[in-house]
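Colleague: compute the structure for the input listed below.
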Amino acid sequence: MSYAEQIKQYVLDEFLPGVGPEELEDDYDLRANGVIDSLGLLRVVTWLESTFEIPMEEVEIVEQDFTSITSISRFAELHSASGSSGTDYLGKAA
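Modeller: Sure, this is the predicted structure:
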């Protein structure tokens, strides 16, 4: 299962029970539409840390990284222990 699929399933299970995966677009703004609030963001960060082994104490957390399934997935892929590529969002060496 890809990062995006795992993240989408988590968001659906925790924040949108009863909504199917086909109903949630990957670019849907979860923050602006009230799906994930500040407390929800803490829950997502904690889950990402344990699920993808992201060392959150070493990572800068910015709100725009948590607006959609796409942005959360990109964040997880960039910072996870197993998926870190050593490059930033612009493709520069981290």
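
Colleague: so what's Phe66 up against?
Modeller: Each residue near Phe66 by C-beta atoms under 8 Å, 6 or more residues apart in numbering is listed here: Leu30, Arg31, Ile36, Leu41, Val44, Val45, Ile72, Phe75. The way it works is simple: take the backbone N, C-alpha and C, and place the C-beta from them, glycine included.

Colleague: state the helix or strand in which the last one lies.
Modeller: When elements are defined using DSSP states H and E, Phe75 is found to belong to helix 69-79.

Colleague: for that helix, which positions count as buried?
Modeller: Ile69, Ser71, Ile72, Ser73, Phe75, Ala76, Glu77, Leu78, His79 (16 or more other C-beta atoms under 10 Å).

Colleague: for the contacts of Phe66, could you give me a markdown table that also reports pLDDT?
Modeller: Output for these, formatted as a markdown table (pLDDT from 0 to 100):
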| residue | pLDDT |
| --- | --- |
| Leu30 | 97 |
| Arg31 | 96 |
| Ile36 | 96 |
| Leu41 | 94 |
| Val44 | 96 |
| Val45 | 95 |
| Ile72 | 97 |
| Phe75 | 96 |
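
Colleague: okay, those residues in JSON lines with distance to Phe52 and secondary structure next?
Modeller: JSON lines is the format used below for the contacts of Phe66 (distance: C-beta to C-beta, whole Å; DSSP: H, G, I helix; E, B strand; the rest coil):
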{"residue": "Leu30", "distance to Phe52": "18", "secondary structure": "coil"}
{"residue": "Arg31", "distance to Phe52": "20", "secondary structure": "coil"}
{"residue": "Ile36", "distance to Phe52": "17", "secondary structure": "coil"}
{"residue": "Leu41", "distance to Phe52": "16", "secondary structure": "helix"}
{"residue": "Val44", "distance to Phe52": "11", "secondary structure": "helix"}
{"residue": "Val45", "distance to Phe52": "11", "secondary structure": "helix"}
{"residue": "Ile72", "distance to Phe52": "10", "secondary structure": "helix"}
{"residue": "Phe75", "distance to Phe52": "9", "secondary structure": "helix"}
